[in-house]
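K.L.:
the following block contains a protein sequence and its predicted model.
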Amino acid sequence: MAVRNPIEWGSDQIRLANLAAESAGRALRPHREGTHAASPDVCRIGVAELGDVLARGLEDFGAYRTDVIFICIIYPVIGLVLGRFAFGSGMVQLLFPLASGFALVGPFAAIGLYEMSRRRELGVTIGWPDAFGVLGSPAFGRVVVLGLMLVVIDLIWLGAAAAIYALTLGPEPPASLSSFVHDVFATGPGWALVFVGVGVGFLFAMLVLAIGVVSFPMLLDRDVGIDTAIQTSIRAVAANPIPMALWGLIVAAGLVLGSIPLFLGLVIVLPVLGHATWHLYRKVVPSRVLETAAAAAAAAQQDAPPGMPYRRS
């Protein structure tokens, strides 16, 4: 890949930003008829295929680890800023909800990683600037709108977490982190906070999983509307409840482990999970080439004379 000087690269980013603004404007206007086409078929997958998904995600990360680490270094920084904000604002009780918010906005935050995996799949030589190629995608406006939906869900989750704390250990904020940890694990109201908080958080996580696990990659891959992408994502989760539930647990566990050492582990966890999500999408939603072949085969079978079985070419 040719090395461009900063002026050339900056010029390209300004051009992409203009395209992104135009795309966002189009996303807020009614889509043309083609973007509301019927949802594509979804495939059933087994739990064992999640291992292949993670292996492919790790392979993508290994191929471009320097590039994606450069991109994902921002996430630990965001985590540290949020942690400092929680401590400095006397909102220690919201530290866990703030950290778990990574899982809720994760599908949107990983959009650049999906784009890198998509381009690598096409055999294109890529580097970290290619992650920003999504800014020039015709679907970028729809991606932003869907991402804002996840941000709203995250804010609602934070409000719910604050309300749960107020009803259990609150309404006064904890005096310190140590006293908060003691109250959570050594008192009845603290355990009520844990069980209710985890239960409500699980519902938010399942909602985001259902609407986001397939929709973001699909918007990059196909010319579809937000409604079609969300419907397909929900159908994919409904068709694969156990694998998708396990995938949600894998994502949650990975984010927790990545967040423990001052969020530094997210530099590795996020790109692997982001790349793997693209390959999960590929497994549950057939490529357009396969769909076209299947439609042609079905048409040939329908046109075949009675009594004459259809033979695949």
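P.N.:
Yes, it's here.

K.L.:
C-alpha coordinates for the particular helix or strand that has Val251 in it, CSV please?
P.N.:
Taking DSSP states H and E as the definition, one finds Val251 inside helix 241-259. Extracted in CSV, the C-alpha atoms of helix 241-259 (Å, rounded to 0.1, in the frame of the first residue of the first chain):
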residue,chain,number,x,y,z
PRO,A,241,-31.3,-18.8,20.0
ILE,A,242,-28.7,-21.0,21.7
PRO,A,243,-25.7,-20.0,19.5
MET,A,244,-26.6,-16.3,19.7
ALA,A,245,-27.1,-16.4,23.4
LEU,A,246,-23.7,-18.1,23.8
TRP,A,247,-22.2,-15.4,21.5
GLY,A,248,-23.7,-12.7,23.7
LEU,A,249,-22.1,-14.4,26.7
ILE,A,250,-18.7,-14.6,24.9
VAL,A,251,-18.9,-10.9,24.0
ALA,A,252,-19.8,-10.0,27.6
ALA,A,253,-17.1,-12.1,29.1
GLY,A,254,-14.5,-10.8,26.7
LEU,A,255,-15.4,-7.2,27.5
VAL,A,256,-15.3,-7.8,31.2
LEU,A,257,-11.9,-9.5,30.9
GLY,A,258,-10.6,-6.7,28.7
SER,A,259,-11.9,-4.0,31.1
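
K.L.:
residues in contact with it?
P.N.:
Identification of contacts with helix 241-259 by C-beta atoms under 8 Å, 6 or more residues apart in numbering yields 45-47, 49-50, 53-54, 79, 99-100, 102-103, 106, 205-206, 209, 213, 236-237, 264-270, 272-273, 280. Bear in mind the C-beta positions are built from the backbone N, C-alpha and C, glycine included.

K.L.:
residue ranges with poor pLDDT in the chain?
P.N.:
1-38, 65-90, 125-134, 261-263, 288-313 (pLDDT under 70).

K.L.:
what's the angle between the following helix or strand past the helix holding Val251 and helix 241-259?
P.N.:
Later in the chain than helix 241-259, the nearest helix or strand by DSSP H and E is helix 266-284. Per axes from the mean of the first three to the mean of the last three C-alpha atoms, to 10 degrees, the angle that helix 266-284 makes with helix 241-259 is 170 degrees.

K.L.:
number of nearby residues for Val124?
P.N.:
Residues near Val124, counting by other C-beta atoms under 10 Å, number 12.

K.L.:
with Gly199 instead?
P.N.:
10.

K.L.:
give the buried residues for the host helix or strand of it.
P.N.:
For Gly199, the host element (DSSP H and E) is helix 188-212. Across helix 188-212, burial judged by 16 or more other C-beta atoms under 10 Å covers 190, 193, 196-197, 200-201, 204-205, 208-212.
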